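make a model of this:
(one chain, ligands or ions: 1)
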Amino acid sequence: MVLIAIIAIVVSVISVTAVYYGLFENQVRNDLAVNARLLKDADLFEDLNTDLKELEILPEDLRVTWIKEDGEVLYDNTANAEDMDNHSERPEVIEAFNNGEGEAVRRSTTLNQNTFYYAILLDNGTVLRVSTDARNIWSIFFQAAPVILIVSLLIIIFSIVLSRMLTRDIVEPIEKMVENIDDTRIEPPYKELVPFTNKIRSQHTEILSAAKMRQDFTANVSHELKTPLTAITGYTELLESDMVDKEGRKHFYQEIKKNANRLLLLINDIIKLSELDHSNRDESFEKMNLYTTVSECLEELTVNAQNRNIELGFTGEDAYITGNRSLIVELVENLVQNAIRYNNEGGKVWVEVHEGDKPKLIVRDNGIGIPEADQKRVFERFYRVDKSRSRESGGTGLGLAIVKHIVEIHDGTIELKSELGKGTEITVTF
Ligand code: ADP
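Sure, this is the predicted structure:
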């Protein structure tokens, strides 16, 4: 507002001064012309032999110069005519000799004055020139300067006060809304702020739920770590007591080993999840063939499947995606391991890779299936349909959470279809 006020003041001062000075200059010229014609009509200068003393009636603020045809100055009411130069070269005089009248302005850059000349040809062939000094545009401007300055200051002060008041009026309702950002009943004060408010509110809710999720996760992690550790401590205490025979000791050592391994699995998965939380998409992404990666992964899982007497099938075609190899390996391993883990003796697992605009990975099994009610929740951290089955087969409850995370990092989608007792099909689309 202050800037606009300053610009407005400067522009109006410049234009008003220019217009005013134009009018003023015209007035000065007209006055000179009228004076010259009056003097001509008064016939004072018709007779070349006029007694020059008679001419002293002329007013002093109007300079009058009388010039002969050859440019010699006959008379000047403000100077001594004999001392003056020949005036035949003056533009207004030349013009008057040629056209009957002529005018000129001589601008002085240093003095705050301009001199205006008007020359008129008399009937006897001489030229009468009148001239006057008038203030130039700068002097007028400088005279007006103090007033302009005071007015400008007042306007600037006024605009500062006004802009403060306006800012306060605009910001106050926003601040009020910000204080109550959670309260959706409080509407944004301006409709222009609706998208902004909605965005802030949804982000706010996201932040809160993320915080809640972290809290839940920490609680879950502590609980999950506690169970095997409690078991380990229990077994070691029993071993310490020396009351266990050789057979019993062997069993306890095995249990300790099993629980320690479980702890390792859990910690590995937790580390993976936290790495995924912080991983940067572009850093480690490359163009890769989904087909070859999957087929390499499956080779390693074959033993696993054979141990459980499960048939592992694979079909597909070259399909190129931009992704992180080790994350894709992790994803395939988790999905196929689940298909093996939650299967029946002699069951089947099929893996397919499809190329196309959006390459696809499908992992299908004819295992135990997932009840409809649990299907939505299996991607949550530590969610397990059957806790003991998961634990016994080396599950941590984090596998599908990791899978979902990896899919998100790859800008993909994951779809789960399952029927209890018939099997499960998971499709990842890149
Ligand atoms: P877990 O380590 O327990 O396998 P996941 O996150 O991988 O954890 O899976 C969550 C739960 O989803 C599992 O505990 C299991 O109950 C169920 N689930 C996952 N995959 C399958 C599948 N292919 N068939 C049946 N149930 C499955």
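
for the residue nearest to residue 354 when sequence neighbours are not counted, the count of nearby residues, please.
Once flanking residues are discounted, residue 354 sits nearest to residue 360: 4.3 Å by Cβ to Cβ, 6 or more residues apart in numbering. For glycine as for every other residue, the C-beta is placed from the backbone atoms N, C-alpha and C. Residue 360 sits with 19 neighbouring residues when counted by other Cβ atoms under 10 Å.

bridged to residue 360, which residues?
Residue 360 has these beta-bridge partners by DSSP bridges: residue 354, residue 429.

that one: what's it in contact with?
Contacts here follow Cβ atoms under 8 Å, 6 or more residues apart in numbering; on that basis residue 360 touches 319, 352-354, 427-430.

test my guess that residue 377 contacts residue 370.
No. Residue 377 is not in contact with residue 370 according to Cβ atoms under 8 Å; the separation is 9.5 Å.

of those two, which one has the most company?
Per other Cβ under 10 Å, whichever of residue 377 and residue 370 has more neighbours is residue 370, with 22 against 12.

what residues does the stretch 201-350 of the chain have near the ligand?
Contact residues, the stretch 201-350 of the chain versus the ligand (Cβ under 6 Å from any ligand atom): 334, 338-339, 342.

looking at the chain, which helix or strand is least sure?
helix 387-392 (a mean of 84; mean pLDDT, DSSP states H and E).

please point out which parts of the helix or strand following it sit buried.
Per DSSP states H and E, the first helix or strand lying C-terminal to helix 387-392 is helix 399-409. Buried residues in helix 399-409, counted by 16 or more other Cβ atoms under 10 Å: 399-407, 409.

which among these gets closest to residue 166?
For the buried residues of helix 399-409, the residue nearest residue 166 by Cβ to Cβ is residue 409; the value is 47.1 Å.

correct me if wrong: that closest one contacts residue 279.
Yes. At 6.4 Å, residue 409 counts as touching residue 279 under the criterion of Cβ under 8 Å.

find residues that contact each of these two.
With Cβ under 8 Å, 6+ apart as the test, residue 409 and residue 279 both reach 324, 327.

picking up where we left off before, just the buried members of the contacts of residue 360?
319, 352-354, 427-430.

relative to residue 105, which of those residues is nearest.
For the buried ones among the contacts of residue 360, the nearest to residue 105 is residue 430 (83.3 Å; Cβ to Cβ).

the closest one and residue 412 touch, don't they?
Yes. Counting by Cβ under 8 Å, residue 412 is a contact partner of residue 430 at 4.6 Å.

please enumerate the strands of the stretch 101-250 of the chain.
101-107, 113-121, 127-135 (DSSP state E, counting those that start in this stretch).

how about the residue of the chain most remote from its centre, phi and psi?
The C-alpha centroid of the chain is most remote from residue 49, which lies 87.5 Å away (Cα atoms, centre = their mean). Main-chain dihedrals, residue 49, degrees, to the nearest 10: phi -100, psi 20.

what of residue 69?
Backbone geometry at residue 69, expressed as degrees, to the nearest 10, gives phi -60, psi -30.

ok, it touching residue 121?
No. At 9.8 Å, residue 69 and residue 121 do not qualify as touching, with contact defined as Cβ under 8 Å.

sorry, back to before: closest to residue 148 among the buried ones among the contacts of residue 360?
Of these, the one sitting nearest to residue 148 (Cβ to Cβ) turns out to be residue 430, at 70.5 Å.

which residues sit in contact with that closest one?
Applying Cβ under 8 Å, 6+ apart, the residues near residue 430 are 290, 321, 323, 358-361, 410-412.

low-confidence ranges, the stretch 151-300 of the chain, go.
Low-confidence segments of the stretch 151-300 of the chain (pLDDT under 70): 280-283.

switch the cut-off to 90
Applying pLDDT under 90 to the stretch 151-300 of the chain picks out residues 173-194, 196-198, 200-202, 204-206, 210, 213-214, 217, 241-244, 246, 273-285.

contacting residues for whichever residue of it sits closest to the ligand?
Closest to the ligand within the stretch 151-300 of the chain is residue 269: 7.9 Å, counting by Cβ to the nearest ligand atom. Contacts for residue 269 were tallied using Cβ under 8 Å, 6+ apart; they are 396, 398-399, 402.

one more time with 6 Å, if that's ok
396, 398 (Cβ atoms under 6 Å, 6 or more residues apart in numbering).

re the thing from before, and which of the contacts of residue 430 is nearest the ligand?
The closest of the contacts of residue 430, once distances to the ligand are taken by Cβ to the nearest ligand atom, is residue 361, at 14.0 Å.

rewinding a little: residue 69 and residue 121: which is more packed in?
Per other Cβ under 10 Å, whichever of residue 69 and residue 121 has more neighbours is residue 121, with 20 against 12.

how close does the more buried one get to residue 105?
Using Cβ to Cβ, to the nearest Å, we find residue 121 at a distance of 20 Å from residue 105.

can you list contacts of stretch 28-42?
With Cβ under 6 Å, 6+ apart, stretch 28-42 has contacts from 116, 118, 120, 122, 130, 134.

just the pLDDT at the second one, thanks.
pLDDT for residue 118: 96.

what's the nearest residue to it if we skip its chain neighbours?
Distance criterion Cβ to Cβ, 6+ apart; nearest residue to residue 118, sequence neighbours excluded, is residue 32 at 4.0 Å.

returning to that earlier point: contacts for the least confident helix or strand of the chain, please.
The contact list for helix 387-392, computed with Cβ under 6 Å, 6+ apart, reads residue 384.

how about 10 Å then?
Contacts to helix 387-392, defined as Cβ atoms under 10 Å, 6 or more residues apart in numbering, come from residues 224, 227-228, 262, 338, 341-342, 368, 382-384, 386, 395-397, 399.
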